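Novice: what follows is a predicted structure for the sequence shown.
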Amino acid sequence: MNEKNLKNILSYIISSEALDKSINEIASQIESKGTGTTRKECLAILNKNGFKTLQSFKINSLKLIVATAKVSLKDSIISEDEIKSIRFLKLLLDIKEGDFMKDNAIAKEVSIIIKNQVELMFSNDEKIDTNESIQKVNLQEIFGLSYDEFAEITNEAAIAAWDRGSDLINLDTYFDGNEYQKWWDKNKKDS
């Protein structure tokens, strides 16, 4: 992992994001020490700010990771170094699969990020190529989503591309029988 990349992202977040003081303090600690930052150091900062455990700071940890993902996706591509940085943050802050979907506001924000990224993928050629497919897998991993959770978020964009004439085989998605039936019923009525 390129620690300079992680430090640059966190520096940007600290200077431009409207995050709580405690989140900025954690981000500052990680920015200064990089991957040498320990949980013990994070817990000391949390205790100073009235949090007893990482669990009690979970929503704030998720906000920091979402902000990190947003900065990483400013160029619409998430690099391997950016993925490693987010993995490090998730490990350090004890973020597990499913955590992003437990809070409605965070889940909505994650959903918007993913939908925007998938729409960008479809916007140039109405299909998902190999690199874009890898990007989708990376987004699913970053936000700790199950296959079903991720499909629920991305299928809306895939259905819109299908409606515009894309070949279903090029959409890198799976529609269950219910989704297919809803699409069929809608298109049958429109014709």
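Specialist: Received it, and whenever you're ready, just let me know what you need.
Novice: mind listing what's buried in stretch 95-104?
Specialist: By 16 or more other Cβ atoms under 10 Å, the buried positions in stretch 95-104 come out as 95, 99-101. Quick note: C-beta positions are derived from backbone N, CA and C, even for glycine.
Novice: touching, Ile78 and Glu141? I think so.
Specialist: No: taking Cβ atoms under 8 Å as the definition, Ile78 is not a contact partner of Glu141, at 10.0 Å.
Novice: does Asp94 lie in a helix or a strand, and which?
Specialist: Per DSSP states H and E: Asp94 is located in neither a helix nor a strand.
Novice: residues in contact with it?
Specialist: 39, 54-55, 58, 61 (Cβ atoms under 8 Å, 6 or more residues apart in numbering).
Novice: Leu120 and Asn138, how far apart?
Specialist: 14 Å (Cβ to Cβ, to the nearest Å).
Novice: just Asp20 next, same as before
Specialist: In terms of Cβ to Cβ, Asp20 sits 27 Å off from Asn138.
Novice: out of those two, which sits in the more crowded spot?
Specialist: Between Asp20 and Asn138, counted using other Cβ atoms under 10 Å, Asn138 has the larger neighbour count: 19 against 14.
Novice: and for the residue nearest to Ile65 when sequence neighbours are not counted, the neighbour number?
Specialist: Closest residue to Ile65 apart from its sequence neighbours, by Cβ to Cβ, 6 or more residues apart in numbering: Leu89 at 5.4 Å. Applying other Cβ under 10 Å, we find 22 residues neighbouring Leu89.
Novice: show me what the host helix or strand of Leu89 is packed up against.
Specialist: If you go by DSSP H and E, Leu89 is part of helix 80-92. When contacts are defined as 3 or more Cβ pairs under 8 Å, 6 or more residues apart in numbering; DSSP states H and E, helix 80-92 sits against helix 3-16, helix 58-72, helix 130-142.
Novice: among these, which is the most enclosed?
Specialist: For the helices and strands packed on helix 80-92, average neighbour numbers computed from mean count of other Cβ atoms under 10 Å are highest in helix 58-72, which has a mean of 21.
Novice: contacts for it, please.
Specialist: Outside helix 58-72, the residues touching it (Cβ under 8 Å, 6+ apart) are 9-10, 12-13, 17, 19-20, 22-23, 26-27, 54, 78-79, 82, 85-86, 89-90, 93-95, 99-100, 103, 106, 109-110, 113, 142-143.
Novice: repeat the analysis, applying 6 Å as the threshold.
Specialist: Residues from elsewhere that reach helix 58-72 (Cβ atoms under 6 Å, 6 or more residues apart in numbering): 9, 12-13, 17, 23, 78, 82, 86, 89, 93, 95, 103, 106, 109, 142.
Novice: on that earlier part again, quick one: buried residues of the very next helix or strand once past the helix holding Leu89?
Specialist: Remark: after helix 80-92, the chain's next helix or strand is helix 104-125, criterion DSSP H and E. Buried residues in helix 104-125, counting neighbours by 16+ other Cβ under 10 Å, are found at 106-107, 109-111, 113-114, 117-118, 121-122.
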